[in-house]
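**Q** Give me coordinates for this.
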Amino acid sequence: MGILNVTPDSFSDGGDFSRTDKAIIHAKEMIEAGVDIIDIGGQSTRPGYTEIPQEEELNRVLPIVKELRKITDLPISVDTYFPEVAEAVIEAGATIINDIKGLDQPGMGEVVAHYDIPVILMHSRYRNEAVDVVTDLQNFFEEKIKLCQQLGIKPENISFDPGVGFHKSVAENELMIASPEKFRFEDYPLLYGVSRKRTIAQLTGETNPKERDFGSIAASLYVLNKGVEIVRVHNVKGMRDALSVWQKLKGLQ
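**A** Residues are numbered from 1 along each chain as shown. The predicted model follows:
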């Protein structure tokens, strides 16, 4: 999954692709590099972010979805927790909703169910400190499966993202990357988004987010080797090349 931030204030590439023309150029570069899913984000979720209104988020992402759908049949994911935004982008051709609030926003579950569309449910809540991080996330996943069952969301449309970096300690983030199998709920697919995050900085010492790609690719490759189905990355070519080499060498064993 290739990240296409169309925000002026993203922590890693803020402003680089906030114009539609620049965003489409970057999307074409990702397609050329072999991206499988393009994930469009119109709202920064960096630490301490200020939420923008849904109208502004929609104004950022909707033109990108429309233009992308003209040039590619690849799956288009939109990173949103606003049901009105989700409905509009689905109507425009988006095929996946990537919800960092995991259907906590009223009405989002009903939109996903109505359109019968895949959804990625992230854990971004404040941690329940009464239990360890594994138990906390397993409880969250179980809660969300029950909600999806009530809403009629099909099991095959559900994936989980444990939310590396969201209200978790350094040790908890490192555990999530080191042992993704502990954060799998039943047999639902997992998405991991570690690209350029502060956890990578803590592991490498690199303070510049744009210089964290090597560490990000290493961490993403590691979790793929541990069974994670989807990795969300900024550097699609680097990730694709690393994965290709790893798969070819593994096949020679």
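
**Q** Which residue, neighbours along the chain excluded, lies closest to residue 106?
**A** Leaving aside its sequence neighbours, residue 106 sits nearest to residue 83 (CB to CB, 6 or more residues apart in numbering; 7.7 Å). C-beta: built from backbone N, CA, C; applies to glycine.

**Q** which residues touch the one you found?
**A** Shown in contact with residue 83 (CB atoms under 8 Å, 6 or more residues apart in numbering): 105, 106, 107, 108, 110, 111.

**Q** Considering those, which possesses the most neighbours?
**A** residue 108 (25 neighbours; other CB atoms under 10 Å).

**Q** Flag the shaky bits of the stretch 101-250 of the chain, pLDDT-wise.
**A** For the stretch 101-250 of the chain, no stretch is flagged by pLDDT under 70.

**Q** quick one: the strands in it?
**A** All strands of the stretch 101-250 of the chain, identified by DSSP state E, counting those that start in this stretch, fall at 119-122, 158-161, 191-192, 230-231.

**Q** Note down every partner strand of the third one and its orientation.
**A** Going back to what we said before, that points to strand 191-192. Its sheet considered, strand 191-192 pairs with strand 230-231 (parallel) by DSSP bridges.

**Q** Run the chain-centre distance for the partner strand.
**A** 8 Å (CA atoms, centre = their mean, to the nearest Å).

**Q** ok, now which ones touch residue 154?
**A** residue 116.

**Q** cutoff 10 Å now
**A** Taking CB atoms under 10 Å, 6 or more residues apart in numbering, we find residue 154 in contact with 112, 113, 116, 117, 118, 119, 148.

**Q** Which strand residues bridge the residue lying closest to the first one once chain neighbours are set aside?
**A** In this case it means residue 112. Distance criterion CB to CB, 6+ apart; nearest residue to residue 112, sequence neighbours excluded, is residue 119 at 4.7 Å. Taking DSSP bridges as the rule, residue 119 bridges to residue 97, residue 158.
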